[in-house]
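[1] Have a look at this prediction, sequence included:
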Amino acid sequence: MGRMPETIKFLIIVNILFFLGTLFLQGFPFQLFSLFYFENPNFKIWQPITHMFMHGGMFHILFNMYALWAFGSPLEMQWGRNRFLFFYFSAGLGAALVHTGVNYYQVHVAVDAMMALGNSYEASIQALTTNVYQGPPVDEATKALMASGYAAFNTPAVGASGAVYGILVAFGMMYPNVGLMLIFFPVPIKAKYFIPGLILLDLFAGITGTSFGIAHWAHIGGALFGFIMAYYWKKNSFDSHRWN
């Protein structure tokens, strides 16, 4: 195992402190620092940043911190501290933006469906806020839209996964022929195939709605913003310059 760069170490420590704080304070930080939909009363302006330090369980934080160390370390050593931090937080914010955009679509598709039945905008938003609908009868298709809208409106996003997916993409672009393996498929696959395959799985899950509690669109957003930044830097030969 190689030396852990100082910035990676700092990010891991902060993530662990946030995770322990959530455990000891009985979930209060979870509501304060997770990323809620921007029309939800629980939304706070700092949540697009702080949600990157929140995690939903032990496996969640272990996976993200391992990936941050394994794939982020060579990037920080190549780029330097400041450039790596800029990339990390930009990818995380990009993940939050795409995730919120998809939530906005799901919320307002549900609102439009309820308004088409004669409900007001305010009553439709209230139904999504409380999960109590008191308007005209709805069919099964509308019920499904309302369920998706309710989940988008009320389920907060947590985790460093969006930023980590940006790091994965950058790693794959810089080290395309490095062999990577999954625990349940212990055969090395080159990063240039492995990482796009992982993103395609997220895209499939996001489109089909098979979330399993995972914010797939946040992963895709982080990967997209990571790709844009890494491609731009590579095209403009910024790889040889460190931001210390």
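    Alright, I've got the coordinates.
[2] Using the three-state scheme, assign residue 132.
    For residue 132, the assignment made with DSSP: H, G, I helix; E, B strand; the rest coil gives coil.
[3] For it, give its distance to residue 146.
    Using Cβ to Cβ, to the nearest Å, residue 132 is found at 11 Å from residue 146. Any C-beta I mention is one placed from the backbone N, CA and C, and that applies to glycine too.
[4] out of these two, which sits in the busier spot?
    Neighbours were counted for residue 132 and for residue 146 using other Cβ atoms under 10 Å; residue 146 has more, 21 against 8.
[5] what's the neighbour count on residue 151?
    18.
[6] so it is in which element?
    helix 140-154 (DSSP states H and E).
[7] buried sites along the helix or strand just after that helix?
    Next along the chain after helix 140-154, taking DSSP H and E as the criterion, comes helix 161-174. By neighbour count on 16 or more other Cβ atoms under 10 Å, the buried set for helix 161-174 is 161-174.
[8] Over to stretch 66-77?
    Neighbour-count burial for stretch 66-77 [16+ other Cβ under 10 Å]: 67, 68, 69, 70, 71, 72, 73, 74, 75, 76, 77.
[9] Could you pull up the residues touching residue 74?
    Counting by Cβ atoms under 8 Å, 6 or more residues apart in numbering, residue 74 makes contact with 171, 174, 175.
[10] which residue sits closest to residue 115 in space, ignoring its chain neighbours?
    residue 124 (5.7 Å; Cβ to Cβ, 6 or more residues apart in numbering).
[11] If you could redo that for residue 148, that was the one I meant.
    Nearest to residue 148 is residue 106, by Cβ to Cβ, 6+ apart, at 4.9 Å.
[12] list the contacts for that neighbour?
    148, 149, 151, 152.
[13] farthest pair in those?
    Greatest spacing in those, by Cβ to Cβ: 149 and 151 (7.3 Å).
[14] returning to that earlier point: could you dump the contacts of residue 74 into a markdown table and include pLDDT and distance to residue 62?
    Formatted as a markdown table, these follow (pLDDT from 0 to 100; distance: Cβ to Cβ, whole Å):
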| residue | pLDDT | distance to residue 62 |
| --- | --- | --- |
| 171 | 95 | 19 |
| 174 | 91 | 25 |
| 175 | 90 | 23 |
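[15] Pipe these into TSV and attach distance to residue 117 per row.
    Converted to TSV, the contacts of residue 74 look like this (distance: Cβ to Cβ, whole Å):
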residue	distance to residue 117
171	49
174	53
175	54
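[16] After the one helix or strand residue 64 maps to, which helix or strand is next?
    Take DSSP H and E as the rule and residue 64 turns out to sit in helix 58-79. Once the chain leaves helix 58-79, the next helix or strand it forms, by DSSP H and E, is helix 81-116.
[17] What angle do helix 58-79 and that following helix make with each other?
    130 degrees (axes from the mean of the first three to the mean of the last three Cα atoms, to 10 degrees).
[18] Can you give me the buried ones in helix 81-116?
    81, 83-85, 87-88, 90-100, 102-103, 106-108, 110-111, 113-114.
[19] still on that earlier bit, got a winner among the contacts of residue 106 for most neighbours?
    Of these, with other Cβ under 10 Å as the count, residue 149 tops at 26 neighbours.
[20] List the residues that contact that one.
    Residue 149 touches 106, 107, 108, 109, 110, 111, 128, counting by Cβ under 8 Å, 6+ apart.
[21] what do you get for residue 128?
    When contacts are taken as Cβ under 8 Å, 6+ apart, residue 128 is in contact with 107, 110, 111, 146, 149, 150, 153, 154.
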